[in-house]
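> The following comprises the amino acid sequence and a computationally predicted model.
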Amino acid sequence: MKRVICTILSLFLIMILVGTLVGCGADIKAENEKLKAESANLKSDNDKLKLEVQKLKEEIQKASEKEATISTLTTENEALKKQVEDLKTQLAKKKK
C-alpha cells in the first residue's frame, strides 16, 4: 500500500514538473524570438554606426587636407606680398 501511494505521489510530482516545463516553454520561445529580433536590430544599428563613423573619419581627413592646403597657400601669399613690397621698394629707389 505504501508503495502504491509513493508511486502515485511520484507520478503526480513528475506530471507537475513536466506540466510546468511545458507551460514555460511557450514563454521561453517567445522571449527567445524577441531577443533574436532585438539582436538583429542592434546588429543593424551597429553596422549603420560603423558606416557613419567611417564617413566622419573621411570628412575629417578631407578637412585636414583642406586646412593644410589653406595653410600652405597662406604662407605662399604672405611670401608673395613681401616680395611685392620688396619690388615696390626697389622700384621707388630706382626712380629717385
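Received, thanks.
> switch to C-alpha atoms for all contacts and neighbour counts from now on
Will do.
> Please enumerate the helices of this protein.
2-95 (DSSP state H).
> Low-confidence stretches in it?
19-25, 96 (pLDDT under 70).
> repeat that with 80
1-2, 9, 11-12, 15-28, 95-96 (pLDDT under 80).
> Count the residues that sit near residue 28.
Here the number of neighbours of residue 28 (other C-alpha atoms under 10 Å) works out to 13.
> before we move on, what about residue 17?
12.
> What's the separation between it and residue 10?
As judged by C-alpha to C-alpha, to the nearest Å, residue 17 and residue 10 stand 11 Å apart.
> Ok, residue 44 next?
Counting by C-alpha to C-alpha, the gap from residue 44 to residue 10 is 50 Å.
> try residue 31
31 Å.
> likewise residue 61?
73 Å.
> now do residue 49
56 Å.
> Could you do residue 83 as well?
Taken as C-alpha to C-alpha, the span from residue 83 to residue 10 is 105 Å.
> And for residue 16?
Separation of residue 16 from residue 10 (C-alpha to C-alpha): 10 Å.
> Also residue 54?
63 Å.
> now swap in residue 91 and tell me
Note on residue 91: its distance to residue 10, by C-alpha to C-alpha, is 117 Å.
> With residue 43 instead?
Distance, residue 43 to residue 10, by C-alpha to C-alpha: 47 Å.
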